[in-house]
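Undergrad: Pasting the sequence and the predicted coordinates here, then a few questions.
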Amino acid sequence: MIKAAILGCGYVGTAVARCWSDQGIHVTATTTSPDRVTDLRSVAGSVKIVHGADLPAVEELVQSRELLLIAVAGGRKAGYEAVYLDTAKTVLAALDKAPHLRQIIYTSSFSVYGHQQGRWVTEADPIYPATDNTKVLAATEQTILSAATPERKVCVLRLGGIYGPDRELQKIYSRAAGSVRPGTGTEGSNWIHLDDIVGAIDFARQHALSGIYNVVQDEVLTSKELIDRVCHAHNMPPVTWDPSRPSERPHNVRVSNQKLKAAGYPFQHPSFNL
């Protein structure tokens, strides 16, 4: 039986825990919140309370595992550096105690590409993180990638904006309905359904992928196009745009998923179903 650990079981990590447990993988799920332990026991073989900067706890977590998913997510209480970069550094420091670990998968974000005037980008293109948070994400990627060895595969998945059950686009954009937004809404809007995040993570596991892969759906609309469609589909008042005010979005890019598709991953939700 494969033994896996998931460091960070929020929206994505919990769904992956369920998927892997259903396949007979023994999953150890982690959380920083004692309130979530009971819920996680329903999707994982065991649950531990682990903070990413706690080296002894991380060492114990990885010492007998063959597979590690790092799916931590930035929150309001802890800064990005503490959540992402410190966790990555701790994992790196714990690897001497993980002789059986053969694969690390890390969920990053397409936002590291930054503002590229809306052009299409691939994993081979340089990144231009534009905010302090995205600079932390970029540094975290490099830290995680440095853990790769001939015996240990490391895969970084750059996720698009996440939607799915309980994160429907209608709910996400309901606050914007009827409002006036700055800019023209012409920035690329890169999204990915939860089903395909879980699918891509499991595909990376099964095929021992290494390196960086974008995980975004085929259909990349502009923000205006997407919001118009969501508002129209759900009878919400439309959003209007004010070109006299600069857009507040720190990134404008269209992200290609061709590398992951070429590896053989079949997207379940290549386009929006509104």
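TA: Arrived safely.
Undergrad: Helix, strand, or coil at Ser108?
TA: Of the three states, Ser108 takes strand according to DSSP: H, G, I helix; E, B strand; the rest coil.
Undergrad: what's across from it in the sheet?
TA: Under the criterion DSSP bridges, Ser108 forms beta bridges with Arg158.
Undergrad: need the contact list for it.
TA: Leu137, Thr140, Glu141, Val156, Leu157, Arg158, Leu159 (CB atoms under 8 Å, 6 or more residues apart in numbering). Bear in mind the C-beta positions are built from the backbone N, C-alpha and C, glycine included.
Undergrad: Check what pLDDT the residue lying closest to the fourth one once chain neighbours are set aside gets.
TA: Read that as Val156. The spatial neighbour of Val156 that comes closest, neighbours along the chain excluded (CB to CB, 6 or more residues apart in numbering), is Ile212 at 4.7 Å. On pLDDT, Ile212 comes in at 98.
Undergrad: how near is the residue nearest to Ala98 when sequence neighbours are not counted to Pro237?
TA: Nearest residue to Ala98 in three dimensions, chain neighbours excluded: Val62, at 4.0 Å (CB to CB, 6+ apart). For Val62, the distance to Pro237 equals 50 Å [CB to CB, to the nearest Å].
Undergrad: Compare those two (neighbour count), which wins?
TA: Val62 (22 against 10; other CB atoms under 10 Å).
Undergrad: Hmm, His207 and Gly264 touching each other?
TA: Yes - counting by CB atoms under 8 Å, Gly264 sits close enough to His207 to count as a contact (7.2 Å).
Undergrad: Would you map the helices across the stretch 51-200 of the chain?
TA: All helices of the stretch 51-200 of the chain, identified by DSSP state H, counting those that start in this stretch, fall at 55-62, 80, 86-94, 132-145, 169-173, 194-206.
Undergrad: So which other helices or strands are in contact with the helix or strand bottoming out on mean pLDDT in the chain?
TA: Lowest by mean pLDDT, DSSP states H and E among the helices and strands of the chain is helix 80, with a mean of 90. In terms of contacts (3 or more CB pairs under 8 Å, 6 or more residues apart in numbering; DSSP states H and E), helix 80 is packed against helix 132-145.
Undergrad: contacting residues around the helix it packs on?
TA: Contacts of helix 132-145 (CB under 8 Å, 6+ apart): 70, 74, 80-81, 84-85, 87-89, 91-92, 104, 106, 108-109, 111-112, 114, 127, 129, 154, 156, 211-212, 250-251.
Undergrad: Turn the contacts of Ser108 into JSON lines, including neighbour count, distance to Gly118 and pLDDT.
TA: Shown next, in JSON lines, are the contacts of Ser108 (neighbours: other CB atoms under 10 Å; distance: CB to CB, whole Å; pLDDT from 0 to 100):
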{"residue": "Leu137", "neighbour count": "21", "distance to Gly118": "21", "pLDDT": "96"}
{"residue": "Thr140", "neighbour count": "26", "distance to Gly118": "26", "pLDDT": "97"}
{"residue": "Glu141", "neighbour count": "23", "distance to Gly118": "23", "pLDDT": "98"}
{"residue": "Val156", "neighbour count": "24", "distance to Gly118": "24", "pLDDT": "98"}
{"residue": "Leu157", "neighbour count": "24", "distance to Gly118": "23", "pLDDT": "98"}
{"residue": "Arg158", "neighbour count": "27", "distance to Gly118": "17", "pLDDT": "98"}
{"residue": "Leu159", "neighbour count": "24", "distance to Gly118": "19", "pLDDT": "98"}
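Undergrad: Gly264 and His207: which has the busier surroundings?
TA: Counted by other CB under 10 Å, Gly264 and His207 do not tie: His207 has more neighbours, with 13 against 9.
Undergrad: if we can go back for a sec, name the residues that touch the least confident helix or strand of the chain?
TA: Here helix 80 has contacts from Gly74, Asp132, Asn133, Val136, Leu137, using CB under 8 Å, 6+ apart.
Undergrad: in stretch 140-153, what counts as buried?
TA: If you call a residue buried by 16 or more other CB atoms under 10 Å, then stretch 140-153 has these buried ones: Thr140, Glu141, Thr143, Ile144, Leu145, Ala147, Arg152, Lys153.
Undergrad: no no, stretch 56-71
TA: For stretch 56-71, using 16+ other CB under 10 Å, the buried residues are 57-62, 65-71.
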